[in-house]
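Predicted model and sequence follow; I will ask about them next.
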Amino acid sequence: MDIGIDLGTANTLLYARGQGIVLNEPSVVAVREGSRSALAVGAEAKETIGRTPGSITAIRPLQDGVISDFEAAEEMIRHFVRKAVPGRRPRIRMVVCVPSGVTPVERRAIVHAAQRAGARAVHLIEEPMAAAIGAGLPVSEPRGSMVVDIGGGTAEVAVISLGGIVTAQSLRVGGHRLDAAITDYVRKEHGLLIGERTAEDIKVAIGSAWPVPGEDAFEMRSYPVRGREKIRGLPKTVDLTVKEVRAALDEPVEAVITAVRATLEDCPPELSGDVMEHGIVLTGGGALLPGLDLRLASATGIPVVVADDPLDSVALGCGTCVEDFDALQRLMTAA
């Protein structure tokens, strides 16, 4: 059994050879104080965020796309593999996606965690490459393809040609940074303290990066936000508007645009022409933010399209490598 793992800051996806994506769960582990054994992993553990007693802690083993808690990451990978591949499991080969900006030490930590979780062999593939493959871009052709993958912890910007990454930028801006921006805005402007899950709900409900043409009704919407007053400490509800949330998200969105510009500046002229002709492809959960493609296109003057299945692009690209290990070896040789 060979499997591919999109080990994300927010969610982990598993692709089993011949079966497709067999698991998609939050990258969260709940542990009891004084014990490293997991009480809950995945969706069950995410339900405990912000609601645990003092003796239980909900941990995100990955921060900014890399392992921050080794033991919890190992326990999480082992749990997910057992859930996705029930029954007797011979030692398996794993393909694991990593951000393009990880250090050699962080790479070794990911390999070691996968081996401790039962892998016989571990191959690493950079997330922009996996995202481009999953989005259907012709990565093996002598043509420049640009992909912007915005995940939970990182945003990956890369130009790919002939099976290799020509130039890339990796920044610690993703879905969690967007949530934190909303949390900070509500605290500063309304004096209201809200949690991580509430901020995520706001982002999904009325978050946007640019006014979307033909969506006048969306622009008029508001969202009731319940939290705790900063001064008096009492429960309170305020109504957030679409424009307020857009203003809150402006800084992290602008950081992604700056990274795209920097990548284009480092790109060889011939490949820049290819990108101008064929456009930029958005993948990852951040690609679902309304108006992000329009704002990016306005800032760069280049057409921007969202991948057909942005949430699963990295896992599908990882799965393509699992189905054809020879292709994976060629990609690693090219890199």
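Yep, it's here.

And stretch 207-225, how far out from the chain middle?
Distance of stretch 207-225 from the chain centroid (CA atoms, centre = their mean, to the nearest Å) equals 24 Å.

just stretch 24-44 next, same as before
Remark: stretch 24-44 is offset 20 Å from the chain centroid, using CA atoms, centre = their mean.

Pull the residues that contact that stretch.
The contact list for stretch 24-44 (CB atoms under 8 Å, 6 or more residues apart in numbering) reads 7-14, 45-46, 48-49, 52, 54-62, 69, 71-72, 75-76, 79-80, 83, 152, 312, 315. (Each C-beta comes from the backbone N, C-alpha and C, glycine too.)

Go again with 6 Å.
11-13, 45-46, 48, 55-62, 71-72, 75-76, 79 (CB atoms under 6 Å, 6 or more residues apart in numbering).

Just the ones of those residues in helices?
45, 46, 71, 72, 75, 76, 79 (DSSP state H).

Among those, which pair sits farthest apart?
Using CB to CB, the two most remote members of the ones in helices among the contacts of stretch 24-44 are 46 and 71, lying 18.9 Å apart.

who's more crowded, these two?
The neighbour comparison of residue 46 against residue 71 (other CB atoms under 10 Å) goes to residue 46, with 20 against 17.

Against residue 26, how distant is the more buried one?
Between residue 46 and residue 26 the distance, using CB to CB, to the nearest Å, works out to 4 Å.

Same check on residue 165?
In terms of CB to CB, residue 165 sits 28 Å off from residue 26.

Kindly provide the distance from the most centrally placed residue in the chain to residue 97.
With distances taken as CA atoms, centre = their mean, residue 151 lies nearest the centre of the chain, 1.8 Å away. Here the criterion is CB to CB. By it, residue 151 lies 10 Å from residue 97.

Same question for residue 135.
Counting by CB to CB, the separation of residue 135 from residue 97 is 14 Å.

Those two - which one has more neighbours?
residue 97 (29 against 26).

My guess is the more buried one contacts residue 126. True?
No - counting by CB atoms under 6 Å, residue 126 is not a contact partner of residue 97; they are 7.4 Å apart.

can you give me the helices in the stretch 51-200 of the chain?
Along the stretch 51-200 of the chain, the segments classed as helices by DSSP state H, counting those that start in this stretch run 70-84, 104-116, 127-134, 175-190, 196-206.

hey, which of those helices is tucked in deepest?
With neighbours taken as mean count of other CB atoms under 10 Å, those reach their highest mean count in helix 127-134, at a mean of 29.

chain center to it: distance?
A distance of 12 Å separates the centroid of the chain from that of helix 127-134, by CA atoms, centre = their mean.

How many residues are close by residue 229?
Counted with other CB under 10 Å, the neighbours of residue 229 add up to 14.

go on, residue 27?
Applying other CB under 10 Å, we find 27 other residues in the vicinity of residue 27.

Next one: it from residue 94, what distance?
Plainly put, residue 27 is 16 Å away from residue 94 if you go by CB to CB.

What segments of the stretch 201-335 of the chain are helices?
Secondary structure of the stretch 201-335 of the chain (DSSP H, counting those that start in this stretch): helices located at 216-219, 242-248, 250-266, 269-278, 292-300, 313-323, 325-334.

These: which one's closest to residue 131?
When the helices of the stretch 201-335 of the chain are compared for distance to residue 131 using CB to CB, the nearest one is helix 313-323, at 4.8 Å.

now what about the closest one, what contacts it?
2, 4, 6, 13, 15, 17, 21, 95, 97, 125, 127, 130-131, 133-135, 283, 307, 328.

tell me the contacts of residue 162?
Listed by CB under 6 Å, 6+ apart, the contact set of residue 162 reads residue 142.
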